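In: coords below, sequence missing:
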């Protein structure tokens with residue numbers, strides 16, 4: 001196992017939206033970045049954009065039983081894992097009476113269970129190294145109530161609870177755990193949620209002091225800071 005001279009990062013859901021912006025920021029700053037996603041076409045496009053400082057892996061993070069082998073494969077190839085960004089997640093816009101148990105469980109499985117399993121396996125490596133940074137992508141839905149996203153809100157609230165518990169347990173071991181809770185950011189996911197509901201879009205922009213939605217690059221800056229020793 002040859003240990004890389006560069007820091008090695010994993011970004012889940014890194015082929016589009018916030019994840020892609022974060023991966024781009026990392027690769028531009030000489031962090032070797034492994035982008036994990038399900039859509040092979042998006043992954044190929046990400047690889048073309050990000051270049052030599054990037055590797056892509058097609059993987060469904062809801063396949064929990066396969067996550068330990070995935071992380072070991074990455075570790076054996078690179079000899080280190082310095083940064084994990086748990087960005088992959090799904091949303092579901094439905095009124096509460098219309099959300100089935102299966103709907104709720106799908107969002108929780110993708111956004112919470114997968115995040116925990118990825119973190120647990122990476123933490124085992126970071127404990128050996130005595131260092132590392134894990135960044136969860138939360139949401140403002142964890143902080144105040146937004147209608148029609150009950151499962152998503154529950155999942156992001158769970159992430160914030162896990163962030164606090166992980167930080168308390170792992171900080172003494174040199175592993176930093178943080179979460180970023182973005183406001184309204186222009187991505188395909190928010191476009192889908194807001195462009196079909198213009199009243200909701202205006203309400204969202206109206207409660208944003210600067211009067212416009214953020215860009216994925218804004219979140220990438222925050223992630224890069226949290227990944228760095230400066231944090």
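Out: It's in. This is a predicted model, so every value here is computed, not measured. Numbering: from 1, shown residues only.
In: Helices of the chain, start to end?
Out: Using DSSP state H, the helices of the chain run over residues 17-28, 40-50, 67-78, 101-108, 114-129, 150-170, 188-194, 198-206, 216-227.
In: tell me the most buried of these?
Out: helix 17-28 (a mean of 24; mean count of other CB atoms under 10 Å). Quick note: C-beta positions are derived from backbone N, CA and C, even for glycine.
In: same for it, what does it pack against?
Out: With contacts taken as 3 or more CB pairs under 8 Å, 6 or more residues apart in numbering; DSSP states H and E, helix 17-28 sits against strand 8-12, strand 32-37, helix 40-50, strand 83-86, helix 216-227.
In: relative orientation of that helix and helix 216-227 in degrees?
Out: 60 degrees (axes from the mean of the first three to the mean of the last three CA atoms, to 10 degrees).
In: can you list contacts of helix 17-28?
Out: 9, 11-14, 33, 35, 37, 46, 49-51, 53-54, 83, 85, 87-88, 137, 182, 185, 187-189, 215-217, 219-221, 223-224, 227 (CB atoms under 8 Å, 6 or more residues apart in numbering).
In: Let me have the helices of the chain in CSV, extended by distance to residue 58.
Out: Output for these, formatted as CSV (distance: least, CB to CB, whole Å):
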stretch, distance to residue 58
helix 17-28, 14
helix 40-50, 5
helix 67-78, 11
helix 101-108, 20
helix 114-129, 15
helix 150-170, 23
helix 188-194, 19
helix 198-206, 33
helix 216-227, 22
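In: and the gap between the residue nearest to the spatial centre of the chain and residue 149?
Out: Using CA atoms, centre = their mean, the residue of the chain that lies closest to the mean C-alpha position is residue 87, 1.1 Å off. According to CB to CB, to the nearest Å, residue 87 stands 18 Å off from residue 149.
In: measure the residue nearest to the centre of the chain to residue 97 for me?
Out: Taking CB to CB, one finds residue 87 at 30 Å from residue 97.
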